[in-house]
Each structure stands twice: as structure tokens, then as C-alpha cells.
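Q: show me how the following folds:
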Amino acid sequence: MSSADLETNALTDQPVKLYRNPKSGHCHRVELMLALLKIPYENVDLDMANGAHHEPDYLKISPLGQVPAIDDNGIALSDSNAILVYLVERYGDPALWIGTDPIEKARVQRWLSIAAGEIAAGPCAARLVTVFDAPLDHEGAKAKAHKLFVMMDAHLDGRDWLAADRPTLADIAGYSYIAHAPEGGVGLADYPHVRAWLARLESLPRFIGMARSPVLA
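A: Numbering: from 1, shown residues only. As a prediction, this is how the structure comes out:
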């Protein structure tokens, strides 16, 4: 895929405000999409340890008090996958990122569901324990992560991308927590096709990474 294929001429009156925790994979997937689409944005890091995400002004933007959320010139949205769809529909090429036909669209949606399901319950949850001291079942989360990675490694054998012949929202939604799975004690050494997929994402024009934490695996 050429760099020109990923470019957009999106311009906003003011930068999109991205409310985030810099170590949140949910937030990173939105920031990565903003960067790939060349959408001007401004990070607003919330002091979540002191409850900034529960302040009344923030709850007007994100009623459940969750990150990420965006304010796009008065348009407030929360939920990372919903934000990805919005950004592509408003500023990008929906056919490129969401699908060109019903089959591609369904495949992308399947991986968005996996991002909200198996990825959240597996590598995301394992990392929440080690990075944020979340009171979750660490061993259970690691087992779910490895089960997912076995499936993904087989799926990516002979494929460059998860849902199509190019990067789509499926890949953007899946990247962050899988790339940072070792921070949660979930190693990637046994999954060569997953590691190759991560490397392809990291070579995309304007790719930006997420803040690193100590690796436990």
C-alpha cells in the first residue's frame, strides 16, 4: 500500500481534542487513526488517579466517565471504536478503512467486535493488572490472550492484514493492546505471524506508538 493511499486532506477549524490516558490502548487506537489520517489534534491528558474523568464537565463529553473521548469542534463522542468509525466517515475514505463491499465490511466489524471482546478480556485485561493495578484475574486474562493469539497467528498465516488486502479499522483497533501484551505478562515469541503483522502496522506512514511500560514477558 502506498503512502498516497493513506493520505487525506482533512482539515478542521480547530484541532480535535482527544481526552486520554497516554498509556491506554483504547486511547492510542484513536490517536493512531488521527495521525494516519493527518487530522490535526490536541491531546488532553486526564488526571484519572484524582478523578478528572468523573468531573461534571468531562461527563458532558463522556457520560460514562471513560476514555477516550473527543471534542471535534463541538461534536463530542466517546467509545474508541465508535470514534474510529466517525473519523474515517468524516475525514477519511470509508471504503478504504471500513470496506468496499458487504463481505469486507462484515469482516472489519467482526474484528471490531473482537477488539471490544476477546482483546479487552485478554491482553488488555492482563495489562490492566500490571500497569494499572486493576483487581482482575491476571492468570485468566493471560490464558484468554494466548488463546486469541493462537487463532490470530493461524489467521495471519498467508495474510498481511486482518480483514482485507490493506490495513483497515480492524488492524487499527487490534494493534495497541496486542503490541503491548508483553507489558501484561503475555509474550509474543510463539506468534511469528502476529509479530510480522505488528511490524507492518508500525511501518505505515505517520505511524505513532504508545507510551511504553516495563515488559514482563
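
Q: wait, isn't residue 138 in contact with residue 131?
A: No: when contacts are counted by CB atoms under 8 Å, residue 138 is not listed as touching residue 131 (11.6 Å). Every C-beta, even on glycine, is put in place using the N, C-alpha and C of the backbone.

Q: overlap in contacts, these two.
A: By CB atoms under 8 Å, 6 or more residues apart in numbering, residue 138 and residue 131 have these common neighbours: residue 184.

Q: wait, is residue 42 part of a helix?
A: No: assigned with DSSP: H, G, I helix; E, B strand; the rest coil, residue 42 falls outside any helix and is strand.

Q: which ones are touching it?
A: 15, 16, 17, 18.

Q: just the element for residue 13, please.
A: Under DSSP states H and E, no helix or strand contains residue 13.

Q: so the nearest residue to residue 156 once chain neighbours are set aside is in which element?
A: Spatial nearest neighbour of residue 156, chain neighbours left out: residue 193 (3.8 Å); criterion: CB to CB, 6 or more residues apart in numbering. Here residue 193, judged by DSSP H and E, is contained in helix 192-202.

Q: mind listing what's buried along that helix?
A: 193, 194, 195, 197, 198, 200, 201 (16 or more other CB atoms under 10 Å).

Q: same question, stretch 125-134
A: Buried, per 16+ other CB under 10 Å, within stretch 125-134: 125, 126, 127, 128, 129, 130, 131.

Q: in helices, which of those fall?
A: 125, 126, 127, 128, 129, 130, 131 (DSSP state H).

Q: okay, the lowest-mean-pLDDT helix or strand in the chain in CSV with CA atoms only?
A: Lowest mean confidence among the helices and strands of the chain (mean pLDDT, DSSP states H and E): helix 56-59, at a mean of 92. These are the backbone C-alpha positions of helix 56-59, laid out as CSV (Å, rounded to 0.1, in the frame of the first residue of the first chain):
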residue,chain,number,x,y,z
PRO,A,56,-19.1,17.2,35.6
ASP,A,57,-17.6,19.0,32.6
TYR,A,58,-15.9,15.8,31.4
LEU,A,59,-19.1,13.8,31.9
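
Q: got a list of contacts for it?
A: Under CB under 8 Å, 6+ apart, the answer for helix 56-59 is 19, 46, 52, 65, 69.

Q: can you list the domains in this protein?
A: 3-92, 96-202 (automatic domain parsing).

Q: tell me how far the closest residue to residue 114 other than its chain neighbours lies from residue 149.
A: In this structure, residue 114 finds its nearest non-sequential neighbour in residue 174, 7.2 Å apart by CB to CB, 6+ apart. Distance of residue 174 to residue 149, given as CB to CB, to the nearest Å: 11 Å.

Q: more neighbours, these two?
A: Taking neighbours as other CB atoms under 10 Å, residue 174 and residue 149 compare with residue 174 leading, 27 against 22.

Q: what's the helix holding residue 193 packed up against?
A: In terms of contacts (3 or more CB pairs under 8 Å, 6 or more residues apart in numbering; DSSP states H and E), helix 192-202 is packed against helix 138-155, helix 169-179.

Q: ok, back up a step: return the subset of the contacts of residue 42 lying in strands.
A: Members of the contacts of residue 42 lying in strands (criterion: DSSP state E): 16, 17, 18.

Q: all good on my end, thank you.
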